[in-house]
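1. Next input, structure requested:
(chains A and B)
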Amino acid sequence: MVKNHMQRQFDMKRSLLDQGYLDEQFIQLEELEDDDNPNFVEEMVTTFYNNSARLLQNIEQALVSRPIDFTKLDNYMHRFKGSSSSIGATRVKKECTIFTEYCKKANAEGCIRTFLQVKQEHACLRRKLETYFQLGRQAAGPSANAGGQVG
Amino acid sequence: MGISTESQFHVLAVDDSLIDRKLIERLLKTSSYQVTTVDSGTKALEFLGVHEDDQSNSDIPSVSPNTHQEVEVNLIITDYCMPGMTGYDLLRKIKESSSLRNIPVVIMSSENVPSRISRCLEEGAEEFFLKPVRPSDVNRLRPHIMKTKLKDQQEDKQENKEEELGKPEFQSREEKEEQQQQQHHHLQQQHSNGNKRKALEEGLSPDRTRPRYNNGLTTVV
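-> Residues are numbered from 1 along each chain as shown, chains lettered A, B, ... in the order given. As a prediction, the model looks like this:
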């Protein structure tokens, strides 16, 4: 039996939660949606990816400059982590926490290594969420807004 | 000039993070608040009609002495960590301003730092929320807003009464005092009913018509 789109979307969300990509905060965001604001979560996620691209660039630059300004790094990461937390991006947040620990110890190598993980989780989640929202649009039917990519 | 009968409350939200501004706005609107968001403490003060060099210059209880009741803010919710003016700095400026200090202020932060929390509460913040802010947190705002709104209405009523005194009908001093006492008593009852959060909540001195909540610490007015 072919599952309908709504079911698939629901299953995907379940899976994302179970695997720790997303947490309760994401559910809270969905609960804030209503008829007047039906796309609130997707808007939040889009804003997140738009904003975070810049922050990640800043971090990247700070990591290649010598000497490394760990205070600046900490500052950028604090903002990035905050945003990740606000949309419920658990895995991304975890890597941010690890990064911050290295940063506070002025451990450049640890920061650089962890930053790769941060970017990886960030990109991975984006792909998954794109699929998730796409499923949502399909579930809503052909009259739904086609929308674009996330971010 | 009349008492505002609008039942909608207006919250000013301050946060340098766009994501968090969107979130808090959505949360507040879901609870039927009118919302204005700004991205810095400086802009918040501008919105409130306060300029950096303003001294406490008037006794008018409205938010902006120049535009009475034009921009009424019933609660301010602000992020702690912001570049330039922090949420704590903003809190202090609000509490130092004679026109703004009665507006309840709530602080938000992504970091759970006990010393930070107690510092903010001591400075007069009503609540301290850990981010990400939840709907249950927003529910906790209502008692603080109601408290101030009621107080403003009481004061407005008193002002209206005083205006009516200009008429030929003479109200004796005893009558006026009795009125003040009654309003006072009513206010006291409101406070003891509503607020169960802080054990440090002090009682109201009968001599002061505009009590300030200062967590049991004495302040020189």
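2. Chain A contacts on chain B?
-> By C-beta under 8 Å from any C-beta of the partner chain, the residues of chain B that approach chain A are B:17-20, B:22-23, B:26-27, B:30, B:81, B:110, B:131-132, B:134-135. In short, each C-beta sits where N, CA and C put it, glycine included.
3. Output the below-cut-off pLDDT ranges for chain B.
-> When residues are selected by pLDDT under 70, those of chain B lie in B:1-7, B:51-70, B:163-221.
4. ok, now chain A?
-> Filtered on pLDDT under 70, chain A yields the residue ranges A:1-2, A:142-151.
5. Near chain B, which residues of it are found?
-> With the criterion set to C-beta under 8 Å from any C-beta, chain A comes near chain B through A:25, A:28-29, A:31-32, A:34, A:37, A:40, A:43-44, A:47-48, A:51, A:78-79, A:81-83, A:85-88.
6. ok, of the residues you listed, which come out buried?
-> Neighbour-count burial (16 or more other C-beta atoms under 10 Å in any protein chain shown) is assigned, among the residues of chain A next to chain B, to A:25, A:28-29, A:32, A:40, A:44, A:47-48, A:51, A:79, A:81-83, A:85-88.
7. So which of the residues you listed are in helices?
-> Members of those lying in helices (criterion: DSSP state H): A:25, A:28-29, A:40, A:44, A:47-48, A:51, A:79, A:81-83, A:85-87.
8. Closest to B:L121 out of those?
-> Nearest to B:L121 among these, counting by C-beta to C-beta, is A:G82 at 21.9 Å.
9. The closest one - nearest residue in space that isn't next to it in sequence?
-> Once flanking residues are discounted, A:G82 sits nearest to B:S110: 4.8 Å by C-beta to C-beta, 6 or more residues apart in numbering or on different chains.
10. Which parts of chain B are strands?
-> In chain B, the strands defined using DSSP state E lie at B:10-14, B:34-38, B:75-79, B:105-109, B:127-130.
11. next one: chain A
-> With DSSP E, there are no strands along chain A.
12. what residue is smack in the middle of it?
-> Residue closest to the average C-alpha location in chain A (C-alpha atoms, centre = their mean): A:A89, at 4.8 Å.
13. longest helix anywhere in chain A?
-> Chain A, longest helix under DSSP H: helix A:108-140.
14. the inter-axis angle of that helix versus helix A:24-31?
-> Angle of helix A:108-140 versus helix A:24-31, following axes from the mean of the first three to the mean of the last three C-alpha atoms, to 10 degrees, is 30 degrees.
15. From the contact counts, what lies against helix A:108-140?
-> Judged by 3 or more C-beta pairs under 8 Å, 6 or more residues apart in numbering or on different chains; DSSP states H and E, helix A:108-140 is in contact with helix A:5-18, helix A:40-64, helix A:70-87, helix A:90-104.
16. outside of stretch B:75-83, which residues touch it?
-> Stretch B:75-83 is contacted from outside by A:78, B:9-17, B:20, B:24, B:28, B:40-41, B:44, B:86-88, B:90-91, B:94, B:103-111, B:116, B:120, B:129, B:131, B:141, B:144-145, B:148, using C-beta atoms under 8 Å, 6 or more residues apart in numbering or on different chains.
17. Thanks a lot, catch you later.
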